[in-house]
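In: Okay, sequence plus prediction incoming.
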Number of protein chains: 2
Amino acid sequence: MDKIKKRLGRRPGSSDTKDKILGAAQALFARDGFEHTTIRAIAEEIDVDPALIAHYFGNKQELFIAAMAPSQKIPHKIATELAGDPETLGFRLATLFVSLLESKATNHVVVAALRAAVRMPGALSLMKAVIVHPILKVFKDSGLDEPELRATLVQSQLVGVIMARYILKVEPMASIPSDDLITYLTPTLQRYLTGDLHNKKEGI
Amino acid sequence: MDKIKKRLGRRPGSSDTKDKILGAAQALFARDGFEHTTIRAIAEEIDVDPALIAHYFGNKQELFIAAMAPSQKIPHKIATELAGDPETLGFRLATLFVSLLESKATNHVVVAALRAAVRMPGALSLMKAVIVHPILKVFKDSGLDEPELRATLVQSQLVGVIMARYILKVEPMASIPSDDLITYLTPTLQRYLTGDLHNKKEGI
């Protein structure tokens, strides 16, 4: 390990290597799930020594936590949208959601987090701490009434799309063009965000 | 095995035992997932010999398929609602969904099916064959326009609620009273079922 450290110390490109490792880890955790992904498989994917991955990130669990880090940016992006015009909030949040999920890097992180959360209490706690609760908080800070109820309804619709479109890949959901999906989701999100939730008839 | 068969042949109560086995299997598959559930654990749960479970249902995979059978009734229940008044369809489908999921037996079946589908291609194929595709078919038979798009949007919202409320158990979704949840979901489902899906502004 000391030899590896020495070599790394001399290499200016090591943050590129770290990024490559994280990208491969995100892709494999998303595709195969946490339990079926090995450090060795990630190393093979990008042709590095498994010991290098261990050196940078520790064990598989620590690598998973590092690989999930980009999801921490999501609540902040939502906060930015919540601060804008409430009348177009549904559209802007649908657009943000679809663009995040259609970007390969974020897609891998979100899919890997959700897949792992279904199986492992530890991953579920991580997902709650890093995504679910911070989103509740940005809703609370937004000045919307009933912020937690609105946040949980929005999450329920979006988690369902992630499941159906990207994890279970059921048709026709998996093949809906991005722009159409944004259109279908906009009124749902708009009502959850600013509508009268306690009236069954609203919007019909 | 022959001895067991002989004994079973004389027992009038054997269909009760089968039901008990299936009930325990559904509960454990839902709670622990397919991979972490063993025939032995199911047998212990209801205090029967593991060999009896093998005798009735074969291996764990065959038991899982048998345990998922009640989900076959769901598309028919949806078809019945689709045949009624379109103006109240959102409310009636939300009510059917919530009542199915608040019933312990159906909840276990649906949660177990969805958890397994995330992990195992075989379970996903089973879920598609038994629930997803039959639901698409009852939508097509209902006379609604764009039936497959409407079905997939409805499924996306409902899968999200199952995930958030019953699998990930995120708050406040997990604690919303049933009647309130029906109210929150009704306009969403009504629009997906009978609204103009191609208009971002509908219902705002």
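Out: Thanks, I have it. Residues are numbered from 1 along each chain as shown, chains lettered A, B, ... in the order given.
In: So, low pLDDT: which residues of chain A?
Out: Within chain A, the stretches with pLDDT under 70 are A:1-13, A:202-204.
In: centroid residue for it?
Out: Centroid-nearest residue in chain A, with C-alpha atoms, centre = their mean: A:Val110, separated by 2.7 Å.
In: SS state for A:Thr37?
Out: Taking DSSP: H, G, I helix; E, B strand; the rest coil as the rule, one finds A:Thr37 in the coil state.
In: Thought A:Lys60 was touching it, still the case?
Out: Yes. At 7.4 Å, A:Thr37 counts as touching A:Lys60 under the criterion of C-beta atoms under 8 Å. Where C-beta positions appear, they are placed from N, C-alpha and C, glycine not excepted.
In: Phi first, then psi, for the one residue in chain A that gets nearest to chain B.
Out: Evaluated by C-beta to the nearest C-beta, chain A has A:Gly160 as its residue closest to chain B, separated by 2.5 Å. The phi and psi values for A:Gly160, taken as degrees, to the nearest 10, are phi -60, psi -40.
In: So A:Thr37 and A:Lys60 - more neighbours on which side?
Out: Set side by side, A:Thr37 and A:Lys60 show more neighbours around A:Thr37, with 23 against 18, by other C-beta atoms under 10 Å in any protein chain shown.
In: Not counting sequence-adjacent ones, nearest residue to that one?
Out: In space, and not counting its chain neighbours, A:Thr37 is closest to A:Leu28: 4.5 Å by C-beta to C-beta, 6 or more residues apart in numbering or on different chains.
In: Now for that neighbour: which residues touch it?
Out: With contacts defined as C-beta atoms under 8 Å, 6 or more residues apart in numbering or on different chains, A:Leu28 is in contact with A:37, A:41-42, A:45.
In: what sits against A:Arg31?
Out: When contacts are taken as C-beta under 8 Å, 6+ apart, A:Arg31 is in contact with no other residue.
In: Could you do the one 3 residues further on as well?
Out: Residues counted as contacts of A:Phe34 (C-beta under 8 Å, 6+ apart) are A:60, A:64, A:112, A:115-116, A:119-120, A:123.
In: Let's see that with 10 Å instead.
Out: For A:Phe34, the residues meeting the contact criterion (C-beta atoms under 10 Å, 6 or more residues apart in numbering or on different chains) are A:28, A:60-61, A:64, A:67, A:112-113, A:115-117, A:119-120, A:122-123.
In: Now the buried members of the residues you listed.
Out: Judged by neighbour count, with 16 or more other C-beta atoms under 10 Å in any protein chain shown as the criterion, the buried members of these are A:28, A:60, A:64, A:67, A:112-113, A:115-117, A:119-120, A:123.
In: buried residues in the top helix by length along chain A?
Out: Looking across chain A with DSSP state H, the single longest helix is helix A:14-32. Using 16+ other C-beta under 10 Å as the test for burial, helix A:14-32 gives A:17-18, A:20-30.
In: Tell me which helix or strand comes right after that helix.
Out: In the C-terminal direction, the helix or strand that comes right after helix A:14-32 (DSSP states H and E) is helix A:39-46.
In: So what touches that following helix?
Out: A:17, A:20-29, A:32, A:38, A:48-54, A:57-60, A:63, A:67.
In: Send me it as PDB with only the CA atoms.
Out: Included here for helix A:39-46 are C-alpha records, laid out as PDB according to Å, rounded to 0.1, in the frame of the first residue of the first chain:
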ATOM      1  CA  ILE A  39     -14.600  -3.900  -6.100                       C
ATOM      2  CA  ARG A  40     -12.900  -6.300  -8.500                       C
ATOM      3  CA  ALA A  41     -15.700  -5.800 -11.100                       C
ATOM      4  CA  ILE A  42     -15.400  -2.000 -10.800                       C
ATOM      5  CA  ALA A  43     -11.600  -2.200 -11.200                       C
ATOM      6  CA  GLU A  44     -11.900  -4.400 -14.200                       C
ATOM      7  CA  GLU A  45     -14.500  -2.000 -15.800                       C
ATOM      8  CA  ILE A  46     -11.900   0.800 -15.900                       C
END
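In: Quick one: work out the angle between it and helix A:14-32.
Out: Here helix A:39-46 runs at an angle of 110 degrees relative to helix A:14-32 (axes from the mean of the first three to the mean of the last three C-alpha atoms, to 10 degrees).
In: Among the buried ones among the contacts of A:Phe34, name the ones in helices.
Out: Going by DSSP H, the helices hold A:28, A:60, A:64, A:67, A:112-113, A:115-117, A:119, A:123 from the buried ones among the contacts of A:Phe34.
In: any chance you could map the helices in chain A?
Out: Listed in chain order (using DSSP H), the helices of chain A are A:2-10, A:14-32, A:39-46, A:50-57, A:60-67, A:73-82, A:89-102, A:104-119, A:121-127, A:133-141, A:147-161, A:178-194.
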